[in-house]
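Undergrad: here is a sequence together with a model predicted from it:
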Amino acid sequence: DAQNHPVADMQGGIQSSEANPFFLRHGREIDLPAGHYRLLTELNSLFFLANPQPYLDTLDDYRQAIKPWNAMTLLCLGIFTGLLVYYSTLAIARRSLSDAMYSLFIFGNLLFNGMALLVFPDLFGMHWMYLVSFPILFSNCAYVHFVMALLKISPDNYPRLRAAGRMLFALLAGLMALAAIMPSWSLEIDRYGVGLFLIYGLIAGIIRSWDGSRTARYYLCAIGTFFILGIVTISANDISSYTVYVEHMGLLSVAIEIMMLALVITYQFTRLLKAKRLAEESSRIKSEFLANMSHEIRTPMNAIVGISELVLNQDVSPNVRQYLEKIRIASDNLLSILNDILDFSKIESKCMSIEKARFNLDDMLDNLNSLFSLRAKEKQIELTIKASPGIPREVIGDTLRIQQVLTNLLSNAIKFTEQGKVWLTIDLKQVENLCVTLEFSVEDTGIGMSKDDLTKLFLPFSQVDGSITRRFGGTGLGLVISQRLL
């Protein structure tokens, strides 16, 4: 007071364990009678930057002045937390480096602002002062990686820009090491790091935008806003308003930037969705075209097969008969391919329907036996078709599609078996009311396949090995159709 007597002694700050009477603020409440006073302060800080400025204010004015900026602090940190979860999930789901690096950038800023603006000290009792500086060192490095990944800056298309990014990353890593040696300068080093990555991001955005990248143009809007607010923040040591900190401006600039970049990611997702829809439409048109063409070609092919069989029933010379047999075999093979393409197209365009009709299981098995017994005999392979006792013979289902699946499986089994046997077994698995579950199993002693080959087994128009197509023939659609039917 005017007589140089101490009337109040108070402490506070990030490192102080003393409770703050005002949420997210260092303010202390004191009753003073009218008079003249001197405010004496002793500052104990780890840094040379952003030193606090003590001042006196009336209680009511102070309470009103801190409300909007406290609300902004909580809002921005909520945005940080939500987008941190969002980008982290994207990084895991898409295995994306850019999303992972941006998650690290957000996390570093969340730690910095949560500590600098007293959220962590007030809510969680955390008082580690270096959270005000070191997280930004890591987030600066992460941001450089993010920019290069987002804008697709590679050594092939932008070698100089890529090299500059790597040099900047190395420099920022060096600044991290310097901050570890000189921790009191870490906050000052943060400022230079932020300035460097802002300049790099702005230059990279301009170059990529100039080359026509729409993603880069959206990014340039975000980084441009961030650049202006960021430069203002890191160049300011104090602000004229006592209730607005430099950290508030930094928090606001980062929050605006990450929200604008969320729009960039939304734009990318929109493009992916449009590309997906175009691909689906293209696939549908292709399937319809294949179905129509298969149908148009199959009609004259049936005529060729029919006429060939009629001529074969006549007395013709051995040479002519040989030629006609080749025509018939080739026509049958072509018809089989066309039928596969037509079925695959129907399945792709979701036009395949499954019928429900009564049929006799023994009749279907007899048809399969007559279809494959001669082929198995020619290769000297034992073919066995066996149904377990107790299976009902009269059932309701789609005999055509069941027989189609079994035909594909038995055909492959005989095709890829040089010696030994092939057997089809039918077992009764479940009976419930009037419904039965039957299990059809096809086994053979053929050439087999490796675990790696299994990944290619159900890919359309492909074989496990390219040499198989040349040796055994086939379109690679049989198993795909069978799987889709099931």
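TA: Happy to help now that I have it. Numbers count the residues shown, from 1 in each chain.
Undergrad: for the rest of this, base every contact and every neighbour count on C-alpha atoms.
TA: Fine.
Undergrad: point out where the stretch 101-250 of the chain drops to low pLDDT.
TA: The stretch 101-250 of the chain contains residues with pLDDT under 70 at 234-241.
Undergrad: could you pull out the strands for it?
TA: For the stretch 101-250 of the chain, strands defined by DSSP state E, counting those that start in this stretch do not occur.
Undergrad: neighbours around the closest residue to Ala173 other than its chain neighbours, how many?
TA: Distances taken as C-alpha to C-alpha, 6 or more residues apart in numbering place Cys141 nearest to Ala173, at 7.1 Å, with adjacent residues excluded. Look at Cys141: counted by other C-alpha atoms under 10 Å, it has 25 neighbours.
Undergrad: quick check, Cys141 in contact with Leu171.
TA: No - using C-alpha atoms under 8 Å, Cys141 makes no contact with Leu171, being 9.2 Å away.
Undergrad: so what sits against both of the two?
TA: Among the neighbours of Cys141, none is also in contact with Leu171 (C-alpha atoms under 8 Å, 6 or more residues apart in numbering).
Undergrad: ok, the residue nearest to Ala173 - contacts?
TA: Cys141 sits next to Phe169, Leu172, Ala173 when contact means C-alpha under 8 Å, 6+ apart.
Undergrad: from these, which is closest to Ile447?
TA: Phe169 (54.1 Å; C-alpha to C-alpha).
Undergrad: would you mind putting the CA coordinates of stretch 22-39 into PDB?
TA: C-alpha atoms of stretch 22-39 as PDB (Å, rounded to 0.1, in the frame of the first residue of the first chain):
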ATOM      1  CA  PHE A  22     -11.300 -18.400 -12.300                       C
ATOM      2  CA  PHE A  23     -11.700 -21.300 -14.700                       C
ATOM      3  CA  LEU A  24      -8.900 -21.300 -17.400                       C
ATOM      4  CA  ARG A  25      -7.500 -18.100 -16.000                       C
ATOM      5  CA  HIS A  26      -4.600 -17.000 -13.800                       C
ATOM      6  CA  GLY A  27      -6.700 -14.300 -12.100                       C
ATOM      7  CA  ARG A  28      -6.800 -13.900  -8.300                       C
ATOM      8  CA  GLU A  29      -9.500 -12.100  -6.300                       C
ATOM      9  CA  ILE A  30      -8.600  -9.500  -3.700                       C
ATOM     10  CA  ASP A  31     -10.500  -6.900  -1.700                       C
ATOM     11  CA  LEU A  32      -8.700  -3.500  -1.600                       C
ATOM     12  CA  PRO A  33     -10.000  -0.400   0.100                       C
ATOM     13  CA  ALA A  34      -9.700   2.900  -1.800                       C
ATOM     14  CA  GLY A  35      -6.100   4.100  -2.000                       C
ATOM     15  CA  HIS A  36      -2.800   3.900  -3.800                       C
ATOM     16  CA  TYR A  37      -1.100   0.500  -4.400                       C
ATOM     17  CA  ARG A  38       2.000  -0.900  -6.000                       C
ATOM     18  CA  LEU A  39       1.900  -4.300  -7.700                       C
END
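Undergrad: tell me which residues of it are tucked away?
TA: The neighbour-count check on stretch 22-39 (16 or more other C-alpha atoms under 10 Å) flags Phe23, Leu24, Arg25, His26, Gly27 as buried.
Undergrad: same question for stretch 314-330.
TA: Under the neighbour-count criterion of 16+ other C-alpha under 10 Å, stretch 314-330 has Arg321, Leu324, Ile327, Arg328 buried.
Undergrad: what mean pLDDT does that stretch have?
TA: For stretch 314-330, mean pLDDT rounds to 81.
Undergrad: my read is that Gly420 contacts Glu382, right?
TA: Yes - between Gly420 and Glu382 there is a contact at 6.5 Å, judged by C-alpha under 8 Å.
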